[in-house]
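Novice: below are the sequence and a predicted model for it; my questions follow.
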Amino acid sequence: MKSIYQALVDIVDAEHASDRPEELYIYSFDLGTAEPHRPDYVVAPRTTGQVQEIVRLANREKVPVVPLGGGLSLAGLAVPLRGGILVDLKRMDSILEVNERGRYAVLECGVSQAQLTSYLARHHPRLTHSEPGAPPTATVAGNVLIHGQGDLAQPYGFNSDQINGLEVVLPTGEVCRFGSCAIGVSWFTNHPLPDVGLFFGWCGTTGIVTRLSIRLYPAKRIRGVGQFVVEDEELVPEIIGKITATQMAEDVIAYSRAIPPFGLGLQHFTVNIAADSEKELEFKQELIWDDTLGEYISRGDGGYLGFTRGLEHPQISKTSDYKKGGGFEYVGSIMPIEKYPECYRKGREISERHDIPYTVTGRCIGVGHSMMFAWTYAFNRADPETMNQARKALHETDDLVLELGGVIWKPGTYGQQLIIDRLDPGTRELMRRIKAVLDPGGIMNPGNWEGI
Amino acid sequence: MFALQFDEDKCLRCEGQDCLAKCQYIHSEPGGAGKEMVKIARGEDSFVLHECVTCYGCEEYCPMGNHPFYLIVERQEVLGISPVPRPLIKRAVNLGVPFRGEPAAKEINGPVLNMAAFSELTPLIQGKLFEGLPVISTDGRKMFHYFCQLMYLHYGRSSIINERLPGIIATIERHRPTKVVCFHDECYGTYASYCPAVGIDVPFTPIHFYEYLYDRLTQLKELIRPVGLKVAYQRPCSSRLSPDKHLFVGEIFRLIGAEEVRREYVDENALCCGGTIQGQRREGSRKRAAGIQNRNIEDMKKAGAEVCVFNCPACLQTLGGMVAREGIRPVHMSDLCRFAIGETPAGWEVTR
């Protein structure tokens, strides 16, 4: 009988399957604090058909399958907790279609954020997508599947709200399509077919998305970032409310951080504004800075820091420089915006208790319907003690999210268990049944959402 | 501690009252300036304290050498009349806090070039013009140990300057410099104007960057090929603290064959870049700054400028993109000088 390794080589080729320790090591950890676990095999398929064959092989051999995009979740979501076959999807990186009129793109699951951004800039400069603050190698599909948010989250919501269709290889090897593509027409909408949203937020435990259609948006000729600052954190929710009410902004983020020291104890806002002309830009700026925030400026409570052309995507990863050894991880949460002051104060307390310079960020989602609030903790990769401190801080923060009435975003196993413990029994039972139906062999990314 | 030397009698004797008469941002009745300055000196409120945009201009205009601007800032702080909102003050005060350990104090025992809080701009000090000149504050993580602090004049916070400046001077002094060439003219103004005005000792001789450039260009004269460009100069606010050095702008342009275009907003009549004004507390400050910037750039365009020359990195950051969008190339003075001696400044594509 063929070995699993040989079977994987037969599915892809020897260049794209491996059981060599030095290559498995690379796939044994992510960039956060999760404990490393080695896969037994790693395979990099190029086609949906190859993914099907890999999944069928895993079912036959009863070995786990862990799908991997950019590997940048930080929460250990693609660390193979039970070993098995790690499926590195980065070779499936074709941009299959960009529909200029219908404003959507059909992508393979390994397409990275930077790849799509540069492709659109080169070939479709009037279109853009909601690009997250993740490093450029993060995949579009990976971000969508964890309910990521990008720089158009304020007007358009989560990136998972901006899906027109999916192609998925189920844990049993069948291929399913969702959205308009399921009835053989173009990938232009996800509605109004029956809702089968079985793959978002499941951390790769219900299938492997191989293709997706995402919505694109008009790219204005001028895009830039204005900045505003207040000292009183209690003002943040009302200011976000007022800015979003103008409907003149793209991204709206509030943040505070201890390093560099200029931000200490202050709440900064970055407000992305886009326009096709100087006239439109000035109109929007006047509405936001003068008409809406002018009262804070004249009272002396808020300060305008200027508008800079060009977009800089927020990079929480800069905090990895706070301690030698360059490591960081954050707890993200989806939180009501009115909770910003408490999130800031309590997060700062946790950081200070663990001797970590604090960094907190709140990105507005869906015209103020919620925010993604993140607490970031730096650690030294070469120092287990600082990793331990960060891990404790992360777990305390997971607890804090639920205490404050939020939901943990892309939870690691600790956060998943906290959620499971609080789940409505009916919901929990439904999730258990769905998982059992979709993945009867229990092969998909085991260790995640266990115990539902 | 330190005390500003201000003599209100000088204001009463002053005939020109240029401090306000020449101010481009405050309208005052003829002959009213002396009265207002005396009120300010006596600790009384004055409309000047509320309307000052902190352009530094009156330091240059004052024919009596009486430091009206330093007085205005000092009284703004005492009376709690802050020109900018409180969070901007806190942010600025935080900004100057060193946070990455102490800098290594290598003894030079000779002239040095101090990059101060612009360590990341070392690409602007490359080539023959700077050969043999040791540079201090080249580490961006430690640069706030060399930060002259004078920026706090824009924030109505003289006390921060007075509190921190002796420590900054001590850090520089640890390098045992004889002369300190100041990359930014705000540093030069600090050591040559502000320190003497408030009684802070400066144990080294500050040298203005342009004076240094002029001397080096003179030494390298045989290398100079006239640049043949029509240039406008964006004079920074801190240049008002050393008007005697401003003449080097014209001297350098003559030496390198740059034609300074004839403008309305030049020399004493120069306009602020607007970077500070846009964030001020008074209603309409953002628009006011934009209006000043438009006037300034339109003036450059009307005069036929091909290049806008900057000294101050903050002016360059504020106005650089704006002039570029109008077809005027933003250039730092040191890069223009390097170009004149046949070098290719960082990031340039040169075709001669």
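Specialist: Now that the structure is in, tell me what you want to look at.
Novice: can you list the domains in chain A?
Specialist: Per automatic domain parsing, the structural domains of chain A span A:4-89, A:91-218, A:222-309, A:316-411.
Novice: contact residues of the stretch 201-350 of chain B facing chain A?
Specialist: On the criterion CB under 8 Å from any CB of the partner chain, chain A has as its neighbours in the stretch 201-350 of chain B the residues B:275, B:278-279, B:281-287, B:290, B:318, B:321. (Each C-beta comes from the backbone N, C-alpha and C, glycine too.)
Novice: where does pLDDT dip in the stretch 251-352 of chain B?
Specialist: Across the stretch 251-352 of chain B, the ranges flagged by pLDDT under 70 are B:351-352.
Novice: select, out of the domains of chain A, the one closest to chain B.
Specialist: Chain B lies closest to domain A:222-309 among the domains of chain A, at 3.6 Å (CB to the nearest CB).
Novice: which stretches of the stretch 101-250 of chain A form strands?
Specialist: A:104-108, A:127-128, A:163-169, A:175-179, A:208-215, A:217-218, A:222-230 (DSSP state E, counting those that start in this stretch).
Novice: quick one: those as TSV, columns for distance to chain B, mean pLDDT and mean neighbour count too.
Specialist: Below are the strands of the stretch 101-250 of chain A laid out as TSV (distance: least, CB to the nearest CB, whole Å; pLDDT from 0 to 100; neighbours: other CB atoms under 10 Å in any protein chain shown):
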stretch	distance to chain B	mean pLDDT	mean neighbour count
strand A:104-108	31	98	25
strand A:127-128	21	98	22
strand A:163-169	37	97	25
strand A:175-179	42	96	18
strand A:208-215	31	98	25
strand A:217-218	22	98	14
strand A:222-230	5	97	21
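Novice: neighbours of the residue in the stretch 1-150 of chain B that chain A sits nearest to, just the number please.
Specialist: Closest contact between the stretch 1-150 of chain B and chain A, by CB to the nearest CB, is at residue B:88 (3.6 Å). Look at residue B:88: counted by other CB atoms under 10 Å in any protein chain shown, it has 26 neighbours.
Novice: rewinding a little: can you put the strands of the stretch 101-250 of chain A in TSV and add distance to residue B:68?
Specialist: Below are the strands of the stretch 101-250 of chain A laid out as TSV (distance: least, CB to CB, whole Å):
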stretch	distance to residue B:68
strand A:104-108	62
strand A:127-128	51
strand A:163-169	64
strand A:175-179	70
strand A:208-215	59
strand A:217-218	52
strand A:222-230	30
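Novice: and of those strands, who's closest to residue B:240?
Specialist: strand A:222-230 (27.5 Å; CB to CB).
Novice: which stretches of chain B form strands?
Specialist: B:110-114, B:135-136, B:177-182, B:205-208, B:230-234, B:259-260, B:307-310, B:329-332 (DSSP state E).
Novice: packing partners for the last one?
Specialist: In terms of contacts (3 or more CB pairs under 8 Å, 6 or more residues apart in numbering or on different chains; DSSP states H and E), strand B:329-332 is packed against strand B:307-310, helix B:313-325.
Novice: walk me through which strands the shortest one pairs with, and which way each runs.
Specialist: Put plainly, it is strand B:307-310. strand B:230-234 (parallel), strand B:329-332 (parallel) (DSSP bridges).
Novice: send the alpha carbons of it over as CSV?
Specialist: Taking C-alpha atoms only, strand B:307-310 is exported to CSV below (Å, rounded to 0.1, in the frame of the first residue of the first chain):
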residue,chain,number,x,y,z
VAL,B,307,11.5,74.7,-8.0
CYS,B,308,10.5,75.5,-4.4
VAL,B,309,13.4,75.3,-2.1
PHE,B,310,12.9,74.3,1.6
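Novice: list the buried ones in that strand?
Specialist: B:307-310 (16 or more other CB atoms under 10 Å in any protein chain shown).
Novice: same thing with the longest one?
Specialist: Burial within helix B:313-325, assessed by neighbour count using 16+ other CB under 10 Å, is assigned to B:313-316, B:318-320, B:322-323.
Novice: which secondary structure elements does the top helix by length along chain A sit against?
Specialist: Ranked by residue count and defined by DSSP state H, the top helix of chain A is helix A:384-403. Using 3+ CB pairs under 8 Å, 6+ apart, the elements in contact with helix A:384-403 are strand A:326-335, helix A:340-353, strand A:370-380, strand A:407-409, helix A:413-422.
Novice: these two touch, right, residue A:68 and residue A:87?
Specialist: Yes - look at residue A:68 against residue A:87 with CB atoms under 8 Å: they come within range, at 6.4 Å.
Novice: any shared contact partners between the two?
Specialist: When CB atoms under 8 Å, 6 or more residues apart in numbering or on different chains defines a contact, no residue borders residue A:68 and residue A:87 alike.
Novice: show me the shaky parts of the chain.
Specialist: All of this refers to chain A. Ranges of chain A meeting pLDDT under 70: A:1, A:314-315.
Novice: not what I meant, chain B
Specialist: Ranges of chain B meeting pLDDT under 70: B:351-352.
Novice: centroid-nearest residue for it?
Specialist: residue B:238 (2.5 Å; CA atoms, centre = their mean).
Novice: residues touching the longest helix of chain A, excluding its own?
Specialist: Against helix A:384-403 from outside (CB under 8 Å, 6+ apart): A:33, A:323, A:325, A:327-331, A:333, A:335, A:346-347, A:350-351, A:353-356, A:375, A:377-381, A:407-408, A:411-412, A:414-415, A:418-419, A:422.
Novice: buried stuff in that helix?
Specialist: When burial is assessed from 16+ other CB under 10 Å, helix A:384-403 yields the following buried residues: A:386-387, A:389-391, A:393-402.
Novice: ok, residue A:24 touching residue A:38?
Specialist: Yes - counting by CB under 8 Å, residue A:24 touches residue A:38, with 4.9 Å between them.
Novice: which residues touch the nearest residue to residue B:37 once chain neighbours are set aside?
Specialist: Distances taken as CB to CB, 6 or more residues apart in numbering or on different chains put residue B:11 closest to residue B:37, at 4.3 Å, once the chain neighbours are dropped. Counting by CB under 8 Å, 6+ apart, residue B:11 touches B:33-34, B:37-38, B:41, B:64, B:66, B:68.
Novice: what's the closest of these to residue A:177?
Specialist: For the contacts of residue B:11, the nearest to residue A:177 is residue B:68 (75.5 Å; CB to CB).
Novice: that closest one against residue B:19, yeah?
Specialist: Yes - using CB under 8 Å, residue B:68 is in contact with residue B:19, at 4.4 Å.
Novice: generate a ChimeraX selection restricted to the buried entries among the contacts of helix A:384-403.
Specialist: What follows is the ChimeraX syntax selecting those of these that are buried according to 16+ other CB under 10 Å:
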select /A:33,323,327,328,329,330,331,333,335,346,347,350,351,354,356,375,377,378,379,380,381,407,408,411,412,414,415,418,419
